[in-house]
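S.K.: Quick one, fold the following:
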Amino acid sequence: MNQQFIRQITIDWNKIDKYSYLRDIKAISGLDSLEFTQPVTFFVGENGSGKSTLLEAVAVAYGFNPEGGTRNYNFSTYNSHSELHEAIRLSKGYRKAQDGYFLRAESFYNVATQEEAYADERHPSERYHEKSHGESFLAIAQKRLHPNGIYIFDEPEAALSPQRQLTLLMEIYNCVREGSQFIIVTHSPILLSIPSAEILTFDDGPLHPCSYEETDSYQITKMFIDNRKQILQRLLEE
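M.R.: Predicted coordinates for the structure are as follows:
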């Protein structure tokens with residue numbers, strides 16, 4: 001039985017303008033439905049392939065603020081999200097999520113500012129602006145991840161060192177063991193190695209599953225490490 005909080009999404013393309021750029025995104029233009037069968041689902045692909053567009057739409061359709069935060073966040077500094085969320089219908093599981101968070105690397109500064117505005121005596125601020133970017137991201141993982149939650153992350157590795165990415169991997173894995181679900185856009189070969197995760201690639205046509213070893217993140221990283229001198233010589237001489 002599918003025990004995920006978000007079990008499936010369906011897209012009604014009749015609600016998307018016929019001239020919308022969304023129809024030009026090859027990975028999702030023909031996508032009518034997508035099922036989430038594993039506690040961790042990764043979206044991978046080249047920049048501009050539509051990963052964040054779909055992730056954001058799923059998050060907003062679920063009730064998260066477009067710029068990130070918990071479902072209680074309600075603010076806007078810049079309206080940049082697409083209309084895709086209006087065409088998405090979510091099929092939710094029988095379990096009710098006890099917590100959740102939408103993390104976007106590109107708008108985290110705005111979320112950190114709003115977090116200070118929302119703080120009070122009962123809910124003191126984490127003072128993310130007083131931490132480094134990486135420390136703030138890791139603080140989210142260590143303080144905001146709870147059992148039985150739904151977590152949607154857009155490039156959480158952006159501010160993290162490889163060592164901190166390993167820490168995040170452990171936090172995610174432990175949270176999954178306690179009943180949580182994650183949908184993550186990432187380029188990190190470290191995070192992508194989480195056992196039993198489903199990896200969906202936005203490259204090479206319609207959205208489709210791929211193995212860890214098939215991802216560009218793995219292949220290019222491995223190729224560079226195994227052939228660093230030859231690759232650098234070729235690139236820099238050109």
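
S.K.: Any stretches of this protein with poor pLDDT?
M.R.: In the predicted model, the chain carries pLDDT under 70 at residues 1, 72-81, 105-131, 133-134, 238.

S.K.: Can you name the residues that contact residue 36?
M.R.: 2, 4, 6-9, 181, 183, 198 (CB atoms under 8 Å, 6 or more residues apart in numbering). Just so you know, the C-beta spots here come from the backbone N, C-alpha and C atoms, and that holds for glycine as well.

S.K.: can you check residue 102 too?
M.R.: Counted by CB under 8 Å, 6+ apart, residue 102 has contacts 59, 64-65, 68-70, 151-153.

S.K.: thinking again about what came up before, nearest to residue 218, of the contacts of residue 36?
M.R.: residue 198 (15.4 Å; CB to CB).

S.K.: what's the closest non-adjacent residue to that closest one?
M.R.: Counting by CB to CB, 6 or more residues apart in numbering, residue 198 lies nearest to residue 38, which is 4.3 Å off, once chain neighbours are set aside.

S.K.: Helices along the chain, start to end?
M.R.: Remark: helices assigned in the chain by DSSP state H are 26-29, 51-62, 84-87, 108-118, 133-144, 162-177, 216-226, 228-237.

S.K.: before we move on, back to that, counting neighbours, which of the contacts of residue 102 end up buried?
M.R.: Buried by 16 or more other CB atoms under 10 Å: 59, 64-65, 68-70, 151-153, out of the contacts of residue 102.

S.K.: Rebuild these as TSV, extending it with distance to residue 28.
M.R.: TSV is the format used below for these (distance: CB to CB, whole Å):
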residue	distance to residue 28
59	15
64	19
65	22
68	21
69	25
70	26
151	22
152	16
153	19
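
S.K.: Can you list which of those residues are found in strands?
M.R.: 151-153 (DSSP state E).

S.K.: any idea how far the closest residue to residue 70 other than its chain neighbours is from residue 64?
M.R.: Leaving out its chain neighbours, the residue that sits closest to residue 70 by CB to CB, 6+ apart is residue 101, at 5.7 Å. Between residue 101 and residue 64 the computed distance is 8 Å (CB to CB, to the nearest Å).

S.K.: Between these two, which contacts overlap?
M.R.: With CB under 8 Å, 6+ apart, residue 101 and residue 64 have common neighbours 70, 152.

S.K.: For the spatially closest residue to residue 89 that is not a sequence neighbour, list each beta-bridge partner.
M.R.: Take residue 89 and drop its neighbours on the chain: the residue closest to it by CB to CB, 6+ apart is residue 10, 4.9 Å away. Per DSSP bridges, the residues bridged to residue 10 are residue 33, residue 89.
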